[in-house]
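> With the sequence up front, the predicted model follows.
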Amino acid sequence: MIEVNNVSKMYGNYPAITDINFRVEAGEVLGFLGPNGAGKTTTMKIITGFIPPTSGEVTIAGYDIVTESLEARRHIGYLPETVPLYSEMNVKEYLSFMGKLRGMTGGRIASRIDDVVDLCHLEDYYTTIIGKLSKGFKQRVGIAQAILHEPDVLVLDEPTIGIDPIQVVETRQLIKDLGGNQTLILSTHILPEVSQICERVIIIHEGQIIAVDSPENLAQRLVGRERVDIEVKGPQQDVMKALGDVEGVQTVDRVSGEAGQVPTYRVQSELGVEIRAALASTVVKSGWDLLGLEGVIMSLEEIFLRLTTDEGIEIE
């Protein structure tokens, strides 16, 4: 559905993005993740035809975004970081205006306005002047205009920035609901959004893609120490010493368990060392009760930080 091939963008002598390559399949929900200034918005503007690339090619549903721009744009719905709203119009007037700009007919416009108002939960604000809406409801209006013409591809750039926590939750749920119907790219620097919404993640840093995969696979592929949480019923100091003496163990920390409760210890191994079997054997041989043992998957936040800071981390 979306193909981005060797795309670069220069602003004067400054390379905003360099050799960006990725593909998004029909119906996929993709997170485009990176720190502020990494090149996310530049990439989104190129994909949606707002600015041309310096080099490379983008196709949407088989249409080149530069040479076949009108055809490609008919397949795209776009919510930019700054929503292009007309504050003097009410919600119905604005959506009708946007429908006409997209060449929709009167009957279809009216029908689709009803649909998107319902989907975006704007029923109570149908005739409200947009300038009087809260930031969160303005975002909903922006999403409504993006999906008004039933595009195959939906691109959302920082859709929850600047709205209150309750509206963040509601907007994320709306995006989840949309994800089942369209190919969706969510560009953000807010990690929980990607974890909760997206099936696959692209991480961009300093204008270049540094990782592409599901959050779970990224955690498994990230070269680093194995981490294991182990719940052991036994004398704390003795348990920690015994676990720390296991070959390949680097650190042992108590991570949970109040007074009178069985504690859980987080054990980290040296690079590339499998320690779970040895930990279990040590506990059993010591005569303590082993109540739990599981590997700890690295969170998306940790993956992001390790890949976008100078720690020399590599992806296998």
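Good, I have the coordinates. Residues are numbered from 1 along each chain as shown.

> Check which residues of the host helix or strand of Gly107 are buried.
In this assignment (DSSP states H and E), Gly107 forms part of helix 106-119. Neighbour-count burial for helix 106-119 flags Ile109, Arg112, Ile113, Val116, Val117, Leu119 (criterion: 16 or more other Cβ atoms under 10 Å). C-beta here means a position set from N, CA and C on the backbone, and glycine is covered the same way.

> What are the contacting residues of the helix or strand that that helix is followed by?
Downstream of helix 106-119, the next assigned helix or strand under DSSP H and E is helix 135-147. Identification of contacts with helix 135-147 by Cβ atoms under 8 Å, 6 or more residues apart in numbering yields 77-79, 83-85, 91, 94-95, 98, 116-117, 119-122, 125, 130, 133, 154-156, 159-160, 162-164, 166-168, 170-171, 174-175, 178, 182.

> just stretch 39-51 next, same as before
Residues outside stretch 39-51 that contact it (Cβ under 8 Å, 6+ apart): 2, 4, 7, 9, 16-17, 20, 32-34, 52-53, 58, 60, 65-66, 69, 72-73, 76, 78, 80-81, 155, 157-158, 185, 187-189, 204, 206-208.

> ok so, going back, adding distance to Glu226 and pLDDT, write the buried residues of helix 106-119 out as a markdown table.
Putting these into a markdown table (distance: Cβ to Cβ, whole Å; pLDDT from 0 to 100) gives the following:
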| residue | distance to Glu226 | pLDDT |
| --- | --- | --- |
| Ile109 | 57 | 95 |
| Arg112 | 52 | 95 |
| Ile113 | 54 | 95 |
| Val116 | 48 | 94 |
| Val117 | 51 | 94 |
| Leu119 | 44 | 89 |
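
> circling back to that earlier point, of the contacts of helix 135-147, just the buried ones, PyMOL syntax please.
Restricted to buried positions by 16+ other Cβ under 10 Å, the PyMOL selection for the contacts of helix 135-147 reads:
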select buried, resi 77+78+79+83+85+91+94+95+98+116+117+119+120+122+125+130+133+154+155+156+159+160+163+167+168+170+171+174+175+178+182
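
> show me where the chain has strands.
Ranges of strands in the chain, per DSSP state E, are 2-11, 14-24, 29-33, 55-60, 63-64, 76-79, 153-157, 183-188, 200-205, 208-213, 225-233, 249-256, 264-271, 289-295.

> so the helix holding Gly107 versus helix 135-147, what angle?
Per axes from the mean of the first three to the mean of the last three Cα atoms, to 10 degrees, the angle that helix 106-119 makes with helix 135-147 is 140 degrees.
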